[in-house]
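Asks: show me the folded form of this:
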Amino acid sequence: MIFFRNFCNMELKEYLKIIKENRNLFFLVVLIVVSGSFTFFLAKPVSYSTSLTLNISRQGSQSTPDYKYDDFYRLQADEKFAETVAEWLKSPRTVADIYAGAGISVQGKSVSGGDPKQFTLRRLTKSLKPEKRSSQIVAVNFSAAREETAKKISDSIVAVISKNTEDLNRKQNENTWFTIIAQDAVIVKDTFDPFIVFVVSLAIGIFAAFWTIMISHYIK
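Replies: Sure thing, here's the model as predicted:
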């Protein structure tokens, strides 16, 4: 409390005087923060961000006077099924099946030459990020260490969700149930903007250096 009271009572010229007297420490802290930020991004493992779009369609249509599935009620059914697909992609069981199909064991052992990983239930739940974009579109975003792995995971997502949909179809007596149509996945290598990293790290460095000097001055 005493420190903050004294700090608030100081004038601008006193701040500048303290910084000038400790300019070597100030620049050292700024340099450490900026260089540390660049080191972090340069040493960060390569990853690929992937976006996959799943379109919900129908295997057939039914023409009835009361529009049992078509028009308004059909759109309602599509929207509910899109929510179901999104929830499937948050389920640890479904995600584990997807990774297994891509050759990745959730127990940390390689399957069919895939990349081994050790997953917790929380990590399984969070590894895929599904989002219902409309009544008939579900987008899935995730990251992978390699482009080849991202492609395998994308293909496995389509296969597993299609299988789950087919399992539901078998319980229907009509030919108007759902089917999944997937677009080609968009796979982009993650990079960073050096200018943005420099500006942000410089701002953080100046902030950290200022308080380091203030606290150091107070202790002295």
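Asks: OK, contacts around Lys189?
Replies: Lys189 makes contact with 46-49, 147, according to Cβ atoms under 8 Å, 6 or more residues apart in numbering. All C-beta spots, glycine's among them, are computed from the backbone N, C-alpha and C.
Asks: closest one to Phe119 out of those, please.
Replies: Comparing the contacts of Lys189 against Phe119 with Cβ to Cβ picks out Ser47 as the nearest, at 16.6 Å.
Asks: coming back round to it: the contacts of Lys189 in strands, which ones?
Replies: 48-49 (DSSP state E).
Asks: and the contacts of Lys189 as TSV, adding neighbour count?
Replies: Formatted as TSV, these follow (neighbours: other Cβ atoms under 10 Å):
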residue	neighbour count
Val46	10
Ser47	13
Tyr48	18
Ser49	14
Glu147	14
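Asks: would you list the contacts of Lys189 in JSON lines and tack on distance to Thr84 and pLDDT?
Replies: Formatted as JSON lines, the contacts of Lys189 follow (distance: Cβ to Cβ, whole Å; pLDDT from 0 to 100):
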{"residue": "Val46", "distance to Thr84": "34", "pLDDT": "86"}
{"residue": "Ser47", "distance to Thr84": "29", "pLDDT": "90"}
{"residue": "Tyr48", "distance to Thr84": "28", "pLDDT": "93"}
{"residue": "Ser49", "distance to Thr84": "25", "pLDDT": "94"}
{"residue": "Glu147", "distance to Thr84": "30", "pLDDT": "92"}
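Asks: got CSV for the contacts of Lys189, with distance to Leu168 too?
Replies: What follows is these, written out as CSV (distance: Cβ to Cβ, whole Å):
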residue, distance to Leu168
Val46, 38
Ser47, 34
Tyr48, 32
Ser49, 31
Glu147, 33
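Asks: out of the contacts of Lys189, which is nearest to Arg133?
Replies: The nearest member of those to Arg133, counting by Cβ to Cβ, is Ser49 at 17.1 Å.
Asks: could you pull out the strands in this structure for me?
Replies: Under DSSP E, the chain gives strands at 48-58, 129-132, 137-144, 178-182, 186-189.
Asks: and which of the contacts of Lys189 is nearest Trp177?
Replies: Using Cβ to Cβ, the shortest approach to Trp177 within those belongs to Ser49, at 32.8 Å.
Asks: just checking, that closest one touches Ala145?
Replies: No: checked against Cβ atoms under 8 Å, the pair Ser49 and Ala145 is beyond contact range at 11.6 Å.
Asks: so, low pLDDT: which residues of the protein?
Replies: For the chain, applying pLDDT under 70 flags the ranges 1-12, 59-75, 108-118, 171-176, 220.
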